[in-house]
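Enquirer: just coords:
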């Protein structure tokens, strides 16, 4: 039926044009944002899941940063322990030299001065084994607890509380022998501390790597949920533009229908 009140063809063309324009807007938004789901109206359930994953990613990043900070504290303590350990051989050699009762007073004073300087150096390493206020090697420290996962679980880096090296002035062979005996206790305590620090450092390093891999996996999962296939969307966008042009042409043709009716009244 041909009607002058209702142009069915034009109405249908307008409906198709609206639908195509809406799809074009959606596709253009996906291309510009790179996301298939960027708003809750795109896909409510997927948007909600993605929001939870984004929160987890931020939490994993925070845990990783915390673990890396504790790693630095352990690494500083290990470095200080290695420096102190390297100096112990020189200290032992100096004590052995002081065990010689035939040393002149001048030579003994020089050796004792060198010995005390090296002892002070070792003790300074213990004191300076601190990062951000945390000393895991020397005395006066405390265990360091660091968050290890987004569930709030923690890892503990143990405080080793290595006491300062104490060697007095050596004036004879007997005192040198006693100093060598005392010196044996310090390396044992230091080596035990280094072993504990190494074990704790390995645990933190492994946990940091696990957190980083977990975060990467979550990011991949998030991308699979919300990322747009740009190649596909671009191809679809081009197709929609072609359909839009055709719909506009069809609308123009439909709008010519009243002119046909007018022609019926011409003589």
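Expert: It's in. These numbers come from a predicted model, not from an experiment.
Enquirer: the chain: helices as residue ranges?
Expert: When secondary structure is read from DSSP state H, the chain shows helices at 8-33, 44-98, 105-128, 173-226, 230-255, 257-263.
Enquirer: does anything pack onto the second one? Which helices or strands?
Expert: Judged by 3 or more C-beta pairs under 8 Å, 6 or more residues apart in numbering; DSSP states H and E, the packing partners of helix 44-98 are helix 105-128, strand 130-131, strand 144-147, strand 154-157, helix 173-226. (Each C-beta comes from the backbone N, C-alpha and C, glycine too.)
Enquirer: go through the ones you listed and find the least confident stretch.
Expert: Considering the helices and strands packed on helix 44-98 one by one, the lowest average pLDDT is found for strand 130-131, at a mean of 88.
Enquirer: can you tell me how far residue 241 is from residue 121?
Expert: With distances defined as C-beta to C-beta, to the nearest Å, the gap from residue 241 to residue 121 amounts to 77 Å.
Enquirer: same question, residue 142
Expert: Looking at residue 142 against residue 121, where the rule is C-beta to C-beta, the gap reads 25 Å.
Enquirer: now the helices and strands packed on helix 44-98 as CSV including distance to residue 32 and mean neighbour count?
Expert: Listed next are the helices and strands packed on helix 44-98 as CSV, based on distance: least, C-beta to C-beta, whole Å; neighbours: other C-beta atoms under 10 Å:
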stretch, distance to residue 32, mean neighbour count
helix 105-128, 54, 16
strand 130-131, 45, 18
strand 144-147, 38, 18
strand 154-157, 43, 17
helix 173-226, 14, 16
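Enquirer: can you put those in JSON lines and add distance to residue 256?
Expert: Rendered in JSON lines, the data for the helices and strands packed on helix 44-98 read as follows (distance: least, C-beta to C-beta, whole Å):
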{"stretch": "helix 105-128", "distance to residue 256": "91"}
{"stretch": "strand 130-131", "distance to residue 256": "82"}
{"stretch": "strand 144-147", "distance to residue 256": "72"}
{"stretch": "strand 154-157", "distance to residue 256": "77"}
{"stretch": "helix 173-226", "distance to residue 256": "45"}
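Enquirer: the ones you listed: which one's closest to residue 34?
Expert: Proximity to residue 34, assessed across the helices and strands packed on helix 44-98 by C-beta to C-beta, is greatest for helix 173-226 (9.2 Å).
Enquirer: any idea of the angle that closest one forms with helix 44-98?
Expert: 170 degrees (axes from the mean of the first three to the mean of the last three C-alpha atoms, to 10 degrees).
Enquirer: quick one, what contacts residue 139?
Expert: Residue 139 sits next to 126, 161, 162, 163, 164 when contact means C-beta atoms under 8 Å, 6 or more residues apart in numbering.
Enquirer: change it to 10 Å
Expert: The neighbours of residue 139, taking C-beta atoms under 10 Å, 6 or more residues apart in numbering as the test, are 123, 126, 127, 159, 160, 161, 162, 163, 164.
Enquirer: what does residue 168 give?
Expert: By C-beta under 10 Å, 6+ apart, residue 168 lies in contact with 112, 115, 116, 119, 175, 178, 179, 182.
Enquirer: any idea how far residue 114 is from the fifth one?
Expert: Counting by C-beta to C-beta, the gap from residue 175 to residue 114 is 16 Å.
Enquirer: and for residue 106?
Expert: Here the distance between residue 106 and residue 114 works out to 13 Å (C-beta to C-beta).
Enquirer: ok, residue 218 next?
Expert: Distance, residue 218 to residue 114, using C-beta to C-beta: 58 Å.
Enquirer: one more: residue 94?
Expert: 6 Å.
Enquirer: now the two most distant members of the contacts of residue 139.
Expert: Taking C-beta to C-beta as the measure, the contacts of residue 139 span a maximum distance of 17.2 Å, between 123 and 159.
Enquirer: got the end-to-end distance for stretch 153-173?
Expert: Chord length of stretch 153-173, first to last residue, is 55 Å (C-alpha to C-alpha, to the nearest Å).
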